[in-house]
Each structure stands twice: as C-alpha cells, then as structure tokens.
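Engineer: please find the sequence and the predicted model below.
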Amino acid sequence: MSLIIFSLISKDILLLTFRSPCSFLVSSYMFSFFIALFSSFFLLHFSFILYSLQLISGYISQSREKNTSGWDSHPLIPRRKKFYLPKNEENKHVDIIPFPSSMLPISPSAFSVKPSPL
C-alpha cells in the first residue's frame, strides 16, 4: 500500500521536474524528503518487529527456566496454587485457581427488607 502511494508521489514529482527548471530544485527536495520519510517508515516497522520477536523469545526462555507455560508467569493472571491433601494419597496435589471473595454468591438475607421503626 505504501509502495503504491510512494510511486504515485514520485511520479508527480518527476512530472513537476520537467515542466520548469525552477521546480527542479523544489521537486528534488520533495523527492529526497519522501525517500527519507519512506525509509524511516520501514525502519520503524522493522524495529517494531524485532522488538516483538525479542519479547516473544524472552518469554519462551523465561518459561523454560521455570518449567511453566508463559501465561503462568504473567503478572495479571493469578498463578495456580498447589494445595497438598495429606489424608488422601491418590490426590497428592490438586491445582486450584484462587477464587476472589468478591465473586462469592450473595446470601438471600442481604436482599431482605426490614421495616424501619417510626
């Protein structure tokens, strides 16, 4: 997409060049400006791709060191805790995701209407 826009702009600049000698300087400056803009655009995208690949490879190496998947070490996702049950040897450890107390069901007594004394 950007290559098509760049070719259209460069075509307009070349058409301006052959019309008058004075516009040759203006068009050459415009042409060099658009080349610099175009190259910086691609350089920015290339650096973003390299940065994202570096993040992904760091995530993979971190998960290999801990022997966990990458999402278990994410700060916003709660880690699974292992609870040991000594009485039952068949279920040596059970993975339980922590359940926040704010999501517990509300008791029906919270909705009961009490008459106010007058």
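Structural biologist: Now that the structure is in, tell me what you want to look at.

Engineer: what's the helix or strand for Ala36?
Structural biologist: helix 22-66 (DSSP states H and E).

Engineer: so what secondary structure elements neighbour that helix?
Structural biologist: helix 2-17 (3 or more CB pairs under 8 Å, 6 or more residues apart in numbering; DSSP states H and E). All C-beta spots, glycine's among them, are computed from the backbone N, C-alpha and C.

Engineer: tell me the mean pLDDT for the helix it packs on?
Structural biologist: The average of the pLDDT scores along helix 2-17 is 60.

Engineer: do stretch 59-79 as well
Structural biologist: pLDDT averaged over stretch 59-79 gives 57.

Engineer: just stretch 39-47 next, same as before
Structural biologist: For stretch 39-47, the per-residue pLDDT averages 81.

Engineer: so for it, what gets flagged as buried?
Structural biologist: Buried residues in stretch 39-47, counting neighbours by 16 or more other CB atoms under 10 Å, are absent.

Engineer: what is the neighbour count of Ser28?
Structural biologist: 13 (other CB atoms under 10 Å).
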